[in-house]
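Chemist: this is the structure alone, sequence omitted:
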């Protein structure tokens with residue numbers, strides 16, 4: 001298991017924690033979408049967060065969507081995750097290039113600009129749950145920390161990171177989410193804040209060879225850390241030619257006839273994994289009969 005998520009608890013259930021390593025997943029996304037370094041960092045952070053937030057859901061068919069829309073050059077990001085650790089996502093403008101920020105890091109905040117973070121949970125009810133907050137920094141981890149505090153009233157600490165190699169492949173990626181449960185003591189909170197304040201970055205811990213378990217032990221060891229679960233996480237898109245066919249049929253006979261009249265094959269692109277599906281004129285004629 002190369003990429004995986006750890007679920008844990010500490011302080012007699014006063015803290016719940018998730019940590020993940022996602023290098024392969026983020027590298028897969030980079031290749032699929034041919035993202036620039038800053039776009040890779042933005043998408044990688046959001047994919048990592050979605051993986052951990054996805055496994056917090058209970059139902060097998062529950063679906064989480066994270067959307068960021070901003071006025072920066074990247075435009076926005078959309079990522080979805082299920083409760084099994086499968087994630088997929090895309091960047092509106094994957095080729096965006098920006099100089100490093102003031103700290104010499106990839107300027108994800110500058111790429112996203114001012115905007116909104118939406119968290120959509122579809123758990124099989126009539127309407128999905130939608131929570132929204134403004135982007136506080138655009139660095140994604142801080143924005144999710146703010147989202148949890150304001151929309152879900154759950155004090156949380158979110159850390160996300162993507163470290164690139166000089167050849168622009170992904171060197172390290174991962175993150176953690178710590179959440180305080182109701183009734184957490186003030187003394188424990190201040191001790192936890194002190195430990196968190198000493199962490200330089202999640203990617204430096206990963207680059208030093210720390211596993212998700214070791215990272216949680218580093219932060220929560222003094223609080224009686226208990227690892228509950230370890231599950232794989234991966235970039236996985238469930239698009240198929242059959243699903244694309246259904247989508248084409250749903251647009252109606254007139255539009256399909258117009259495509260046939262043009263006398264050329266069409267190509268349909270999946271936003272999430274960038275895969276292309278080709279349909280010949282003969283295939284379109286078959287779909288037309290099903291659309292009627």
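Modeler: Right, received. Where do you want to start? Keep in mind it's a predicted model, so treat the numbers as computed, not measured.
Chemist: where do the strands sit along the stretch 1-150 of the chain?
Modeler: Under the criterion DSSP state E, counting those that start in this stretch, strands of the stretch 1-150 of the chain are mapped to 4-10, 15-21, 63-70, 76-82, 86-91, 115-122, 129-134.
Chemist: how about these in CSV, adding mean pLDDT and distance to residue 40?
Modeler: For glycine as for every other residue, the C-beta is placed from the backbone atoms N, C-alpha and C. Formatted as CSV, the strands of the stretch 1-150 of the chain follow (pLDDT from 0 to 100; distance: least, CB to CB, whole Å):
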stretch, mean pLDDT, distance to residue 40
strand 4-10, 96, 20
strand 15-21, 96, 16
strand 63-70, 96, 15
strand 76-82, 97, 11
strand 86-91, 97, 9
strand 115-122, 95, 19
strand 129-134, 94, 24
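Chemist: how about the ones you listed, which one is nearest residue 272?
Modeler: strand 86-91 (4.3 Å; CB to CB).
Chemist: by contact count, what packs against that closest one?
Modeler: Judged by 3 or more CB pairs under 8 Å, 6 or more residues apart in numbering; DSSP states H and E, strand 86-91 is in contact with helix 23-33, helix 37-54, strand 76-82, strand 234-235.
Chemist: run through this structure and note the low-pLDDT ranges.
Modeler: 1 (pLDDT under 70).
Chemist: quick one: contacts for the nearest residue to residue 170 once chain neighbours are set aside?
Modeler: Nearest-residue entry for residue 170: residue 27, 4.2 Å, with adjacent residues in sequence omitted and distances by CB to CB, 6 or more residues apart in numbering. Neighbour list for residue 27: 169, 170, 173 [criterion: CB atoms under 8 Å, 6 or more residues apart in numbering].
Chemist: host element of the residue of the chain most remote from its centre?
Modeler: Of all residues in the chain, residue 261 has its C-alpha farthest from the mean position, at 40.6 Å, by CA atoms, centre = their mean. Using DSSP states H and E, residue 261 sits within helix 253-262.
Chemist: quick check: buried residues in that helix?
Modeler: Residues 256, 259, 260 are the ones in helix 253-262 that count as buried (16 or more other CB atoms under 10 Å).
Chemist: can I get those in JSON lines with distance to residue 228?
Modeler: What follows is these, written out as JSON lines (distance: CB to CB, whole Å):
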{"residue": "256", "distance to residue 228": "50"}
{"residue": "259", "distance to residue 228": "51"}
{"residue": "260", "distance to residue 228": "55"}
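Chemist: nearest to residue 43 among the residues you listed?
Modeler: Nearest member of the buried residues of helix 253-262 to residue 43, counting by CB to CB, is residue 259, at 31.6 Å.
Chemist: do you know how far that closest one is from residue 22?
Modeler: Applying CB to CB, to the nearest Å, the value for residue 259 to residue 22 is 39 Å.
Chemist: now render the strands of the stretch 1-150 of the chain as CSV, adding mean neighbour count and distance to residue 177.
Modeler: Output for the strands of the stretch 1-150 of the chain, formatted as CSV (neighbours: other CB atoms under 10 Å; distance: least, CB to CB, whole Å):
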stretch, mean neighbour count, distance to residue 177
strand 4-10, 22, 10
strand 15-21, 25, 5
strand 63-70, 21, 13
strand 76-82, 23, 13
strand 86-91, 25, 14
strand 115-122, 18, 13
strand 129-134, 14, 15
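Chemist: thanks again, I'm all set now.
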